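Peer 1: Quick one: sequence and predicted model below, then my questions.
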Amino acid sequence: MSTPAIRIEHLTKDFRLGLRGVKLRAVDDLSFEVADNQVLGLLGPNGSGKSTTMKVILGLLEPTLGKCEIFGMRSDSVAARRLVGYLPESPYFYRFLTGRELVAYYAGICGITRAEKPKRVAEVLELVGLTAAADRRVGTYSKGMLQRIGLAQAIVHDPRLVILDEPTAGVDPIGSQAISELIRELKRRGKTVLLCSHLLAQVEDVCDHLVILNQGRLVAQGPVEELLRREDLCNLAVENFAPAMRAEIEAVLARHGARLRRVDPARVTLDRLFLEKVGTKEQQDKGTA
Amino acid sequence: MTLDRTSWWWRRGRAVVVIFTTLFAAGLVARPLQEAAWVEVKARQPEMNVHDLGDNIGQGMLLGVFWGFRTVLADFIWLQGYHYWEQRDQPDLEAMIYLSTTLDPRMVSFWDNGSSEIALDIPAWVYRNATLPRDQQAAAYRKARTVQAERALSFLDRGLAFHPGEFILLKDQATLYDNSLHEVAKAAEKWREAAEADDSPFFAGRLYVRHLLKMGKKMEAYAYLKKIYPRLPADAPDAQKAVLWDWIVGLEHNLQVPHAETPQLTPPPGWTPDPEIDDLAKLIDVDF
Amino acid sequence: MIPALQHIGFIGRLTFLEAVRQRFFNFLVLLALALIGCAGFFRQFDFGPQELAFTANFGLGSMVFFGSILAVVVTAQLFFSELDNRTALTLLAKPVQRWAFIAGKLLGVAMLMLVFVVLLTTLLGAYLWWRQGQFIALWHLAHLAGSVDTELPESMRVHFDGLAINALLQWLKFVVLGSITMVVASFANTNMYTVAVSFFIYLICQLQYIALEAYQTVDSAVVGSLVWVLSFIFPNFQLYSVGEMLVFTSKNPVPPGAVWAAIGYSVVYIAVFYGLAVFSFLSREI
């Protein structure tokens, strides 16, 4: 069994506020694991401890109690941070650098040699779809482009674990779809992804596992399918349904001890409708898949 | 009672102790370096007493002084003085002169130009004061020249405390005694000091001799000429060796002392006696 | 160790690039250059050869004045912009040690102040060189005419090597001041607080020489001890007030040993303040 990408054991983090030292417990006895090559969604309302948990994972905060490991190494060690790529929420980068220079800067920081750098930078820019805009200053980038360049800097050094904090905040549905596709691509390439987002539809779409926090505590965790499944109900999709069939169907179901609860017209999601109307053919094909 | 090591007081207190202890230790380690440098710097920095600044310096400027911008402030204040000079505002002009020299006493030109403004420009404003009746202007001017000359002399004394033996300032004092106060003896003393200053021009010695003769001290003048003559360079026209040899010979005739020619006291090559050599007054151009 | 040095280099270079684009820096540099450029205006006043001393004082003083402001304000701004924009988060989430981050920021500030000092010193030196040439020529003519006894005296001539040494000392002073600001920034919450406290510490350092001597003359043993301790805690910034002494010969020039001692003193304090900034920043929660 491979080492989990993230192992958090009894993590507690308190913040002292003001001179009187009022304690704010941001995370309370949290324990969970993220397996290698998993896409984990970290969810919770504002103030639930998501950001604090992420900062502990990134080694930016010290736990009050408990521990956090990344691939078996302490999360605050430099060696662990070599394996991590991080996209912050609402990323801000140095406006005077071009996209290429920015990614090259972070590539250098992460230890990519001068010889490898141009190739590696070009690869990630291609992956995030910013090759055309690579030589423009970051200050001229749109919100979506900033998210993508943020993603590029996060993965330029080929980390094993990628942590994304609200990667699609403020991004249009097309851009959001592109980022979802990128996340899937990262998984295909064997990466582990920790995704923190308020866009639940997207989380549901791309994540394998979920951890839900509330007031610093773990309230639910597990595979997405398991958490969302309702044991007592199932959905049927019926073509050419006529109201007259209803009585017959109810009778069949009653014979087997089941009951028809509801008949609703099938709907497409708003995301799919939007992509159909405004997306490229490729995006539409992916959206309808 | 257990110590709460996560409390704000503990964390900040620990940080304060560590910082101050480290800085104290650094101060100990760096003390020899500081002393080696400071001894030399301090010896060359003019002392300044904050009280000397008086009320003329605003709080902002005082802060500027404490923050190490003394010399820049002194320059600005000096320039500001020109504004008051144009306005013929004596109190403010003098205040700026005193303030700038207090802040930066190293600028000889501040003392030199300042003394001229105090001693010469301000009395001239009195003279040109149209509100005075014409018959009183001359008297007011003479009085102002005397008063201002005294003030300028005190001012230059302060300057000389920072620049002991500075020729320019001694020359200024001598000139004031000569032209404003007409005190020959004091002027003579200042010309003597000026002549002995480093880098002083040759004429200072000659002026001292003239003053001695004005006071009737011919023997002293003669002894002084014999003292300085050997030190004069032969190849410097400004030294006027031939002129000084004329004076020596002229004084010997006047005093009826034997001619003193020694290996050090010889006439310059090609010297011929001045036709006026027996008329001391005309020879040295002194009014006995 | 080598990756850490590379990190310091990367961060230092980027900090420098960010700093030279700041409007505040450009404004101050232009202002300082303009003030030095105004030196030509001094020809209206009849200072004689002392005009060179007046101009040098003015130029060196401008450099100290604007340089001090720059060292404090830019250091604080560069530090807090990283925190406020959360680029510090992105950077520290990489395999970068916190001490390397602080070292990189300080390196960037040092490079910025070096550019500032070199620019101003070069302009001032060029002007003084040109103007001195004019005075030398005028004095020579006057000497030939017999109006003055000698050529332009040494005491009135500019020593350009002294100007360069002074530039080095002022640069070191600005780096010390920048590292003091970094210490304050490492635990402060706001830019404004950092700037205010740093200027206050600067003032104390300018007056440290008073504590150095005062403790011997204070009556109260308690106050005297406190003053004695204070004289060790803060560096003595008056050591750097040597511009005029170096640039113009006096009968008593500053010996090289004193200059080397001042350089060593600066290096000690830069290292100490850097260490304290790291110590404080290590426990800072980003």
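Peer 2: That came in fine, so what should we check first?

Peer 1: what residues are up against the closest residue to chain B within the stretch 151-286 of chain C?
Peer 2: Of all residues in the stretch 151-286 of chain C, the one sitting closest to chain B is C:Phe232 (3.1 Å; C-beta to the nearest C-beta). (Glycine included, C-beta is placed from N, CA and C.) By C-beta atoms under 8 Å, 6 or more residues apart in numbering or on different chains, C:Phe232 lies in contact with B:Leu23, B:Phe24, B:Gly27, B:Leu28, B:Arg31.

Peer 1: So which of those sit within helices?
Peer 2: Of the contacts of C:Phe232, the ones assigned to helices by DSSP state H are B:Leu23, B:Phe24, B:Gly27, B:Leu28, B:Arg31.

Peer 1: contacting residues for the first one?
Peer 2: With contacts taken as C-beta under 8 Å, 6+ apart, B:Leu23 has the following neighbours: C:Phe232, C:Ile233, C:Phe234, C:Val272, C:Leu276.

Peer 1: That one and chain A, how far apart?
Peer 2: Counting by C-beta to the nearest C-beta, to the nearest Å, the separation of B:Leu23 from chain A is 25 Å.

Peer 1: likewise the fourth one?
Peer 2: Counting by C-beta to the nearest C-beta, the gap from B:Leu28 to chain A is 33 Å.

Peer 1: so what's that residue scoring on pLDDT?
Peer 2: At B:Leu28 the predicted local confidence, pLDDT, stands at 93.

Peer 1: if we can go back for a sec, so which of the ones in helices among the contacts of C:Phe232 is the most crowded?
Peer 2: Within these, most neighbours by other C-beta atoms under 10 Å in any protein chain shown means B:Gly27, with 22 neighbours.

Peer 1: Name the helix or strand for the closest residue to it other than its chain neighbours, please.
Peer 2: Nearest residue to B:Gly27, sequence neighbours excluded (C-beta to C-beta, 6 or more residues apart in numbering or on different chains): C:Phe232, at 3.1 Å. Here C:Phe232 sits within helix C:221-233, counting by DSSP states H and E.

Peer 1: Show the average pLDDT along that helix.
Peer 2: On average, helix C:221-233 scores 86.

Peer 1: do stretch B:157-175 as well
Peer 2: Computed over stretch B:157-175, the average pLDDT equals 93.

Peer 1: quick one: it to chain centroid distance?
Peer 2: Centroid separation for stretch B:157-175 versus its chain: 2 Å, with C-alpha atoms, centre = their mean, to the nearest Å.

Peer 1: Stretch A:3-17 too?
Peer 2: Its chain's average C-alpha position is 19 Å from that of stretch A:3-17, according to C-alpha atoms, centre = their mean.

Peer 1: do the same with stretch C:91-110
Peer 2: 22 Å.

Peer 1: One more: stretch C:173-186?
Peer 2: The answer for stretch C:173-186 is 11 Å, by C-alpha atoms, centre = their mean.

Peer 1: any idea of the mean pLDDT for that stretch?
Peer 2: Averaging pLDDT along stretch C:173-186 gives 97.

Peer 1: and it, is it in reach of chain A?
Peer 2: No. Applying C-beta under 8 Å from any C-beta of the partner chain, one finds stretch C:173-186 out of contact with chain A, separated by at least 15.2 Å.

Peer 1: re the thing from before, out of the contacts of C:Phe232, flag the one nearest to A:Arg81.
Peer 2: B:Leu23 (32.2 Å; C-beta to C-beta).

Peer 1: In the stretch 101-250 of chain A, what residue comes closest to chain B?
Peer 2: A:Gly216 (16.7 Å).

Peer 1: Contacts only, for that residue.
Peer 2: A:Arg25, A:Ala26, A:Val27, A:Asp28, A:Leu30, A:Ser48, A:Gly49, A:Thr52.

Peer 1: at 10 Å instead, please
Peer 2: By C-beta atoms under 10 Å, 6 or more residues apart in numbering or on different chains, the contact set of A:Gly216 is A:11-14, A:24-30, A:44, A:47-50, A:52-53.

Peer 1: So which of those sit within strands?
Peer 2: Taking DSSP state E as the definition of strands, the contacts of A:Gly216 contribute A:Leu11, A:Thr12, A:Lys13, A:Asp14, A:Leu24, A:Arg25, A:Ala26, A:Val27, A:Asp28, A:Asp29, A:Leu30.

Peer 1: all helices of the chain, in order?
Peer 2: Using chain A here. Ranges of helices in chain A, per DSSP H, are A:50-57, A:78-81, A:99-109, A:117-128, A:143-155, A:173-188, A:200-206, A:224-228, A:245-255, A:270-278, A:281-288.

Peer 1: actually chain B
Peer 2: Under DSSP H, chain B gives helices at B:8-44, B:59-66, B:70-87, B:90-103, B:108-116, B:122-127, B:134-162, B:167-179, B:184-196, B:203-214, B:218-228, B:241-255, B:280-284.

Peer 1: show me what contacts the nearest residue to A:Ser180 once chain neighbours are set aside?
Peer 2: Spatially, and ignoring its direct neighbours in sequence, A:Ser180 is nearest to A:Val206 (5.1 Å; C-beta to C-beta, 6+ apart). The contact partners of A:Val206, taken as C-beta under 10 Å, 6+ apart, are A:39, A:41, A:179-184, A:186-187, A:193, A:195, A:197, A:224.

Peer 1: The residue nearest to C:Arg157 when sequence neighbours are not counted: what's it in contact with?
Peer 2: Sequence neighbours aside, C:Gln132 is the residue nearest to C:Arg157 in space, at 6.3 Å (criterion: C-beta to C-beta, 6+ apart). Shown in contact with C:Gln132 (C-beta under 10 Å, 6+ apart): C:Pro49, C:Glu51, C:Leu52, C:Thr55, C:Leu152, C:Met156, C:Arg157, C:Val158, C:Phe160.

Peer 1: Fine, thanks again, bye for now.
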